[in-house]
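Participant: How does the following fold in three dimensions:
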Amino acid sequence: VQLQASGGGLVQAGGSLRLSCAASGTGFTINTMGWFRQAPGKQRELVATLTSDGITYYADSVLGRAAISMENAKKTVTLRMASLKPEDTAVYFCNVKWRYWGRTFEHEDWGQGTLVTVSS
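Facilitator: Got it, this is the predicted structure:
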């Protein structure tokens, strides 16, 4: 499965962003899609995830400021964040956990990452 992300860039503190990620391939179904981020000098951390059943998870650092959604038919996940802070500056990575139709083994793929810079 390949992931194509869009969005990101330079945003002022207090502003908002929208990141989208589309999964492509054949014969697969998505279990979970989400976004992670990695700030300079820090480890990659989970931002938000969404299962195909509609279960969401948000990191405490973005709770109340982020909303994740998925268009199942388009295999696209979108992350919206508001009230951005300089500490939200990071490379954001799309993540997908998927399986082939009729199979149970779960695969995982990552997008290339998109830089989000929040200026104060």
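Participant: partners of the residue nearest the centre of the chain in the sheet?
Facilitator: Centroid-nearest residue in the chain, with CA atoms, centre = their mean: residue 35, separated by 2.2 Å. Taking DSSP bridges as the rule, residue 35 bridges to residue 48, residue 94.
Participant: for it, what are its contacts?
Facilitator: Applying CB atoms under 8 Å, 6 or more residues apart in numbering to residue 35 gives the contacts 19, 21, 46-49, 68, 77, 79, 92-95. All C-beta spots, glycine's among them, are computed from the backbone N, C-alpha and C.
Participant: Of these, which is the nearest to residue 116?
Facilitator: residue 92 (5.5 Å; CB to CB).
Participant: per-residue confidence for the closest one?
Facilitator: pLDDT, residue 92: 98.
Participant: now swap in residue 51 and tell me
Facilitator: Looking at residue 51, its pLDDT stands at 96.
Participant: who's sitting farthest from the centroid in the chain?
Facilitator: Residue of the chain lying farthest from the centroid, by CA atoms, centre = their mean: residue 102 (25.7 Å).
Participant: mind checking pLDDT for residue 61?
Facilitator: pLDDT, residue 61: 97.
Participant: Surely it is in a strand?
Facilitator: No. With DSSP: H, G, I helix; E, B strand; the rest coil as the criterion, residue 61 is coil rather than part of a strand.
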